[in-house]
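In: Fold the following, please.
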Amino acid sequence: METQKTFPISSSLSVAPGSRTICIRPKTILSIQLAAIFILLILNLLGIYLSLFTEVAFAKTHRLVDFNQEANIPTFYSSLVMVLCSLLLFVITALTKKAGTGYWCWLWLGMIFLFLSFDEAAAIHEIFIGITKRTFNLSGYFNYAWVVPYGLGVVVLAGLYIPFLRSLPRHTLLLFLVSGVVFVAGAIGLEMIGGNAHESQGAAGLYAVIYTLEELLEMLGMALFLYALLDYLSENFDFNVRVGK
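Out: A predicted model of the protein is given here:
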């Protein structure tokens, strides 16, 4: 049988001319994400420096790249990666269902990440700050009180998904766990530390360092999770992106 040749389009894509099939390389996609995160990090740090120590014009537009602001470039990037993760989870759901195996855990994960993408873009979690703070009289490490309902949600979800995680290939399980720990450490762990710092010391100095590390961990966790999903697809399914007829 003749082996079908593929022709590279770029470092991350190649195409087989007969079937018009695009092959995506997970490691290259991860490298692209890491490069994007590095660029965003440098711009954020530059903006912080200029805002705190200079009066140059860039300081006024720092919010466009500031990790602590909503509706800007870093927020758009994070939301986009979450949407891509959601789409890949739905693809895995469809392929798993077609294979005749359990697919509901994949489907719910896809729904969760779709919600997280909307949350990242629209800051839905901030709605819970005032309500939770007033109800439980919270401050300090719970200054950003949304971490309470979301943190409980993470604990419940982790407990419910233990059987699912155990069913995964060891390599995929490790990637899922590492990406999840990195993301939660930033999104909830450093958010709590940052909330306490903001309440006690204000919005400058130490707080800027904390929220930078927080968003950096979130981005790295999502980048690793997207890689894990692409890797799982490539290892467990004959999956390709078809173009045209």
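
In: Confidence-wise, which helix or strand of this structure is lowest on average?
Out: Taking mean pLDDT, DSSP states H and E as the measure, the helices and strands of the chain show their lowest mean at strand 7-8, namely a mean of 36.

In: just so I have it, where are all the helices in this protein?
Out: Using DSSP state H, the helices of the chain run over 26-53, 73-98, 104-122, 127-136, 147-160, 162-167, 170-184, 191-201, 206-236.

In: Give me whichever of those is most buried.
Out: helix 206-236 (a mean of 20; mean count of other C-beta atoms under 10 Å). (Each C-beta comes from the backbone N, C-alpha and C, glycine too.)

In: State the pLDDT value of the closest residue in space to residue 166 that isn't next to it in sequence.
Out: Nearest residue to residue 166 in three dimensions, chain neighbours excluded: residue 173, at 7.6 Å (C-beta to C-beta, 6 or more residues apart in numbering). As predicted, residue 173 sits at a pLDDT of 97.

In: got any ranges where this structure has weak pLDDT?
Out: Per-residue confidence for the chain (pLDDT under 70) gives these ranges: 1-23, 57-60, 203, 239-245.

In: let's see 50
Out: For the chain, the stretches with pLDDT under 50 are 1-19, 243-245.

In: nearest residue to residue 80 other than its sequence neighbours?
Out: residue 117 (7.8 Å).

In: what's that neighbour in contact with, if anything?
Out: 79, 80, 82, 83, 86 (C-beta atoms under 8 Å, 6 or more residues apart in numbering).

In: what about 7 Å?
Out: 79, 82, 83, 86 (C-beta atoms under 7 Å, 6 or more residues apart in numbering).

In: related to what we said a few turns ago, with respect to residue 63, which of the helices of the chain lies nearest?
Out: Using C-beta to C-beta as the criterion, the shortest distance between residue 63 and the helices of the chain is 8.1 Å, found for helix 26-53.

In: now do the same end-to-end measure for stretch 163-173.
Out: The separation between the terminal residues of stretch 163-173, taken as C-alpha to C-alpha, to the nearest Å, is 11 Å.
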